[in-house]
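K.L.:
Here is a sequence with its predicted model. Questions after.
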Amino acid sequence: MARPVNFGVLGLGMGMHHCTAVLNAKGANLVAVCDHDPKRLKAGVETFKVPGYATWPELVKDKKVDAICIATESGTHTRFGVEAARAGKHILMEKPVDVSLARIRKLQDEVKKAGVTCGCVYQYRMDKLNIMLRKAIQAGKMGKVIGAHIHLPWMRLNSYFEGPHGTWRGTWKLDGGGSLSNQGIHCVDLLQWLAGPVHSVCGFYGVFNHPIEAEDQAVAILKFESGALGTLYTTTCANPDQPFHLYMYGTKGSFSRRGEHLEYYEMGSPKDRERMRGMTAKMTKCDSAGLNPLALSTAGHTLLIEDLVKAIHTKREPAITIESAKHSVEIVTAVYQSARTGRAVEIAKLRG
Ligand SMILES: NC(=O)c1ccc[n+]([C@@H]2O[C@H](COP(=O)([O-])OP(=O)(O)OC[C@H]3O[C@@H](n4cnc5c(N)ncnc54)[C@H](O)[C@@H]3O)[C@@H](O)[C@H]2O)c1
């Protein structure tokens with residue numbers, strides 16, 4: 001049997017969920033945590049009973065550590081990722097890979113050069129219902145996809161943007177934007193994972209109800225490479241907040257999912273429809289957190305850690321590669337660029 005992979009976790013906000021996920025994952029050990037906030041480090045060490053480092057160089061140099069979960073502010077991810085790869089460590093990168101496409105490309109180069117494995121977090125892709133919907137779309141049960149739409153009407157209180165770990169949120173530099181680049185990017189990724197890559201976008205955004213720099217509401221029209229059209233809507237101002245709403249239309253069928261619930265599923269044979277409705281009634285579980293960002297299940301992260309462990313042992317690609325996680329950042333970047341310039345933006349033009 002292969003030796004367990006020893007994980008260290010950098011950043012003990014969302015990183016606390018990574019620690020739990022590592023402990024729950026088969027084939028993974030938690031061997032160290034790291035945060036330069038002493039209170040968070042103490043909480044991490046006491047909760048998980050592992051050694052704690054106050055500085056990143058101590059973690060990345062630790063010979064016991066095989067893989068590092070990176071859960072720091074989004075605009076810092078690839079800096080740590082590049083250093084981890086150069087130190088020969090495998091990586092699990094929180095979403096988004098980074099807020100800069102140039103830095104993401106740099107990470108791709110460094111990971112390839114170092115021969116390490118880097119998996120990325122988009123836990124909606126581990127959700128069983130989403131997996132079943134994707135399989136049905138790919139099996140042609142929807143016919144030709146003509147429309148793909150997702151709305152995320154969430155709420156974040158002002159306190160979310162305050163305090164020692166709040167002020168980076170809603171900034172261009174470290175969060176890459178606001179409701180779209182932070183919360184909404186899960187939905188952007190899900191939409192493109194189901195409907196295929198996006199060709200061009202037309203977007204608008206603004207700040208409506210928070211003291212932040214970037215945006216707390218964004219909207220975009222999408223044209224997919226397949227020719228399908230779609231819409232994207234995100235906010236952190238909705239009061240009361242609502243679960244995400246995903247709906248897709250095809251020439252032979254359509255479905256609608258709102259949070260945990262499949263609202264309707266009119267695709268495939270009558271037997272297919274019956275089976276899907278029956279199964280989803282029992283098992284839909286989406287790792288989303290509306291008003292409370294910490295009300296997040298760790299199930300999706302656990303599966304991603306188990307996947308990374310298998311990818312390391314078998315030298316295969318992880319379930320979510322940097323390349324496949326990059327497209328959501330391209331779409332978000334295009335929405336913001338379109339809103340600033342008042343023109344539609346072709347994704348291919350961002351690729352340099
Ligand atoms: N997958 C999800 O559903 C999900 C949910 C929440 C957050 N996230 C992502 O997780 C990342 C972190 O978000 P968060 O809300 O936990 O942020 P946070 O600010 O609460 O936590 C980041 C932590 O990293 C630590 N840190 C930063 N630089 C460091 C360094 N050089 N050395 C040691 N520690 C350092 C900070 O002290 C802080 O404790 C973001 O990229 C965010 O997008 C993902």
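P.N.:
That came through, no problem. Numbers count the residues shown, from 1 in each chain.
K.L.:
Report the spatially closest residue to Val335, excluding sequence-adjacent ones.
P.N.:
Among residues not flanking Val335 along the chain, Gly203 sits closest, at 3.4 Å (Cβ to Cβ, 6 or more residues apart in numbering). To be clear about C-beta, it is placed using only N, CA and C from the backbone, and glycine gets the same treatment.
K.L.:
Actually, Gly140.
P.N.:
Excluding the flanking residues, the one nearest Gly140 by Cβ to Cβ, 6+ apart is Lys252, at 7.7 Å.
K.L.:
rewinding a little: would you mark the buried spots in whichever strand or helix holds the residue nearest to Val335?
P.N.:
Using DSSP states H and E, Gly203 maps to strand 198-206. Using 16 or more other Cβ atoms under 10 Å as the test for burial, strand 198-206 gives 198-203, 205.
K.L.:
can you pull the contacts of Arg47?
P.N.:
In this structure residue 47 is Thr, not Arg. Residues near Thr47 by Cβ atoms under 8 Å, 6 or more residues apart in numbering: 16, 19.
K.L.:
can you list the residues of the stretch 1-150 of the chain near the ligand?
P.N.:
Proximity of the stretch 1-150 of the chain to the ligand (Cβ under 6 Å from any ligand atom) is limited to residues 10-14, 34-37, 40, 56, 71-74, 76, 94-95, 121, 123.
K.L.:
before we move on, back to that, figure out how far the strand holding Gly203 is from the centre of its chain.
P.N.:
19 Å (Cα atoms, centre = their mean, to the nearest Å).
K.L.:
Now the element after it, going C-ward?
P.N.:
With elements assigned by DSSP H and E, the helix or strand that comes after strand 198-206 is strand 217-224.
K.L.:
following that next one, which helix or strand comes up?
P.N.:
Downstream of strand 217-224, the first helix or strand assigned by DSSP H and E is strand 229-235.
K.L.:
Toward the C-terminus, what is the element adjacent to that next one?
P.N.:
Assigned by DSSP H and E, the successor of strand 229-235 is strand 245-250.
K.L.:
List the strands paired with the helix or strand following that following strand, with their directions.
P.N.:
Heading C-terminal from strand 245-250, the first helix or strand you meet, by DSSP H and E, is strand 254-258. When pairing is defined by DSSP bridges, strand 254-258 lines up against strand 245-250 (antiparallel), strand 261-266 (antiparallel).
K.L.:
most neighbours per residue, which of those strands?
P.N.:
Across the strands paired with strand 254-258, averaging neighbours per residue (mean count of other Cβ atoms under 10 Å) puts strand 245-250 on top, at a mean of 21.
K.L.:
And for that strand, what's in contact with it?
P.N.:
With contact meaning Cβ under 8 Å, 6+ apart, strand 245-250 is reached by 137, 142-153, 187, 190-191, 194-195, 254-259, 267.
K.L.:
Counting neighbours, what do you get for the residue of the stretch 101-250 of the chain found nearest the ligand?
P.N.:
In the stretch 101-250 of the chain, the residue that lies nearest the ligand is His165 (3.6 Å; Cβ to the nearest ligand atom). When neighbours are defined as other Cβ atoms under 10 Å, His165 has 15 of them.
K.L.:
Are we agreed that it is in a strand?
P.N.:
No. Applying DSSP: H, G, I helix; E, B strand; the rest coil, one finds His165 to be coil, outside a strand.
K.L.:
mind checking how far it is from Asp35?
P.N.:
The gap separating His165 from Asp35 is 10 Å, by Cβ to Cβ, to the nearest Å.
K.L.:
ok so, going back, which residues touch the residue nearest to Val335?
P.N.:
Going by Cβ under 8 Å, 6+ apart, Gly203 touches 218-221, 334-339, 345.
K.L.:
show me where the stretch 1-150 of the chain has helices.
P.N.:
Assigned by DSSP state H, counting those that start in this stretch, the stretch 1-150 of the chain shows helices spanning 15-24, 38-48, 56-61, 77-86, 101-114, 128-138.
K.L.:
could I get those helices as CSV with distance to Asn209 and mean pLDDT?
P.N.:
Converted to CSV, the helices of the stretch 1-150 of the chain look like this (distance: least, Cβ to Cβ, whole Å; pLDDT from 0 to 100):
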stretch, distance to Asn209, mean pLDDT
helix 15-24, 27, 98
helix 38-48, 29, 98
helix 56-61, 35, 98
helix 77-86, 28, 98
helix 101-114, 29, 98
helix 128-138, 30, 95
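K.L.:
Count the neighbours of the nearest residue to Gly166 once chain neighbours are set aside for me.
P.N.:
Distances taken as Cβ to Cβ, 6+ apart place Tyr160 nearest to Gly166, at 6.0 Å, with adjacent residues excluded. Tyr160 has 19 neighbours, counted by other Cβ under 10 Å.
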